[in-house]
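> Based on what follows, work out the 3D shape:
(one chain, ligands or ions: 1)
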Amino acid sequence: MKKISLYIHVPFCKKKCSYCDFVSYENVEENLIDQYFQALYEEIRAYRTLLNGNYTVETIFIGGGTPNFVAVEYIEKLMQVLFDSFEVEKDAEITMEANPNGHSNKEEMLRYKKAGINRLSLGLQSADDALLKEIGRSHCFQDFQDAFAAARQAGFDNVNIDLIFGFFGQDRKAFEDTVQYVVQTPCEHVSAYSLKLGEETPLYETYMEQGIDVEEEDWEDREMYRYVCRELEKNGYEQYELSNFAKKGYLCKHNMNYWDTKEYIGFGVAAHSYKDHARFFNTSDLEQYLEDIKRNASAIEEIEQLNLQKRKEEFIIMGLRKTKGFEVDDYTRRFGSDFFADYEKETAYLIEAKLMETDKKNVWLTEEGKDFANIAMMEFITEINY
Ligand code: SF4
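This is a model prediction of the structure:
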């Protein structure tokens, strides 16, 4: 049987952060949350026939939004529906994202664990209360510490901490203090994301009003990136992807499956999927999603069947996100051609520019290449609308 990953989107948050362009809604009524979860359960059940007998579920990721913003019962029922609907492997990695402002006391953490969740991804973002306030987060550092302690007391032994950096004028000392706090926690995994500001976000507008050029190459951001990489490495975390670091044995299998371009199905509003060489995604309109599911229709808005060229490009781009890059033999196995022959010009250019390296078995980005990852990856893209 083949293996597959599942993603479930919970699009509700206590309050919208000023930099956020995820599909998530604040201040929603309980009735809407209830309708959403009933639809989600239906959508999941509708996939039973398609997956059962053909696939076992290797990883599940409940993301958002803020999955622990909704009542714990919804998550318990969600897990039940997933277990009832699919063949979930015994040692499946089951992650839930959680924010410190949601349901996160010890009793609630115990209930998540009992429901089958075995990995938590906690959103700290920063240990600097002034920054948290400035970017519209609704928790403070103490809230995070309480949630982390509760997770540990409940027995979660695989915890990721999410960090974000690169805000204009961000206090460097406070950022370094955050990183030092994280390495002392000590958690098993860290995701440290550099801010990519969408044009639709309030913070983008604020920066525009202040005359800040968000497109400009930000060296402060790159310095913070190098600092976080260095400190985490020093403290026993292996960097295995551009923004992800793990203690030995704690790589996030779910995300590795994305970067290995393996198959996954997404459930919920705006959820993306990849199966049988096709990428498809659900509508981002909550009302539309509810309506579609109510009339037993699919909520899929668009399907793109990837041709051979696009599959190669995705494999390379996703592969280059990993510190070890991608295996040349894997490329040949999947596409029946030689990577170095297919991309002779691009490879020569990137190696000459010291952005990429190879030992002929693997191909990966250099330290400098990581700073210019997007530029390096663009070399492999043939269509502008890709
Ligand atoms: S908690 Fe996360 S998903 Fe929710 S608004 Fe903030 S950044 Fe967006």
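> pLDDT wise, what is Ile384 at?
If you check Ile384, the pLDDT there is 49.
> ok, Asp329 to Leu350 distance?
With distances taken as C-beta to C-beta, to the nearest Å, Asp329 is found 20 Å from Leu350. Where you see a C-beta, it was placed from the backbone N, CA and C, and this is true even at glycine.
> One more: His254?
From His254 across to Leu350, the span is 29 Å (C-beta to C-beta).
> What pLDDT is listed against the residue in the stretch 201-350 of the chain that the ligand sits nearest to?
Going by C-beta to the nearest ligand atom, the ligand is nearest to Thr201 of the stretch 201-350 of the chain, at 9.5 Å. On pLDDT, Thr201 comes in at 94.
> Let me know whether it touches Cys20 as I believe.
Yes - in this structure, Thr201 is within contact of Cys20 by C-beta atoms under 8 Å, at 6.5 Å.
> Tell me which of the two has more neighbours.
Taking neighbours as other C-beta atoms under 10 Å, Thr201 and Cys20 compare with Cys20 leading, 21 against 17.
> Before we move on, what's the pLDDT of that one?
Listed pLDDT for Cys20 reads 96.
> and what of Leu197?
pLDDT at Leu197 comes out at 89.
> ok, it to the ligand distance?
For Leu197, the distance to the ligand equals 12 Å [C-beta to the nearest ligand atom, to the nearest Å].
> burial measure for the residue nearest to Tyr264 when sequence neighbours are not counted, as a count.
Nearest non-adjacent residue to Tyr264, counting by C-beta to C-beta, 6 or more residues apart in numbering: Ser5, 3.9 Å away. Using other C-beta under 10 Å, Ser5 has 25 neighbouring residues.
> Ser5 looks like it's in a strand, true?
Yes - the assignment for Ser5 is a strand, going by DSSP: H, G, I helix; E, B strand; the rest coil.
> bridging residues for it?
Under DSSP bridges, the beta-bridge partners of Ser5 are Thr59, Tyr264.
> right, and it touches Asn255 too?
No - using C-beta under 8 Å, Ser5 makes no contact with Asn255, being 9.3 Å away.
> Between these two, which contacts overlap?
Residues touching both Ser5 and Asn255 by C-beta atoms under 8 Å, 6 or more residues apart in numbering: Phe61.
> So Ile94 is in contact with Thr59, correct?
Yes - assessed by C-beta under 8 Å, Ile94 is found in contact with Thr59 at 7.3 Å.
> Comparing these two, which residue is more hemmed in?
Thr59 (25 against 22).
> State the pLDDT value of the more buried one.
Reported pLDDT for Thr59: 98.
> quick one: contacts for it?
Thr59 sits next to 5-6, 92-95, 253-254, 257 when contact means C-beta under 8 Å, 6+ apart.
> Give me the three-state assignment for Arg226.
helix.
> what number of residues lie near it?
By the measure other C-beta under 10 Å, the count of residues near Arg226 is 13.
> so who does it touch?
Counting by C-beta under 8 Å, 6+ apart, Arg226 touches no other residue.
> count of residues packed around the nearest residue to Ala154 once chain neighbours are set aside?
Closest residue in space to Ala154, ignoring its immediate chain neighbours: Met109 at 3.5 Å, by C-beta to C-beta, 6+ apart. Counted with other C-beta under 10 Å, the neighbours of Met109 add up to 25.
> how about the helices in the stretch 201-350 of the chain?
For the stretch 201-350 of the chain, the helices defined by DSSP state H, counting those that start in this stretch cover 202-209, 219-234, 253-259, 286-294, 308-321, 328-335, 339-342, 344-352.
> ok, for Ala150, nearest residue in space, not its chain neighbours?
Lys106 (4.4 Å).
> Relative to Pro186, how far out is that neighbour?
Applying C-beta to C-beta, the value for Lys106 to Pro186 is 20 Å.
> How about Thr178?
To Pro186, Thr178 is 14 Å away according to C-beta to C-beta.
> With Gln210 instead?
Going from Gln210 to Pro186 by C-beta to C-beta gives 38 Å.
> Who has more neighbours out of these two?
Pro186 (13 against 9).
> Quick one: residues contacting the more buried one.
Per C-beta under 8 Å, 6+ apart, neighbours of Pro186: 235, 247.
> Pro133: neighbour count?
Slight slip there: residue 133 is Lys, not Pro. Counted with other C-beta under 10 Å, the neighbours of Lys133 add up to 11.
> repeat for Asp129
Asp129: 15 neighbours (other C-beta under 10 Å).
> Could you point out which residue ranges in this structure have low pLDDT?
Residue ranges of the chain with pLDDT under 70: 217, 383-386.
> repeat that with 50
The model of the chain has pLDDT under 50 over residues 384-386.
> Identify the residue nearest the geometric centre of it.
Asn255 (6.7 Å; C-alpha atoms, centre = their mean).
> my read: it touches Asn244, true?
Yes - counting by C-beta under 8 Å, Asn255 does reach Asn244; the two are 6.7 Å apart.
> all strands of the stretch 1-150 of the chain, in order?
Ranges of strands in the stretch 1-150 of the chain, per DSSP state E, counting those that start in this stretch, are 2-10, 12-13, 25-26, 55-64, 88-98, 119-125.
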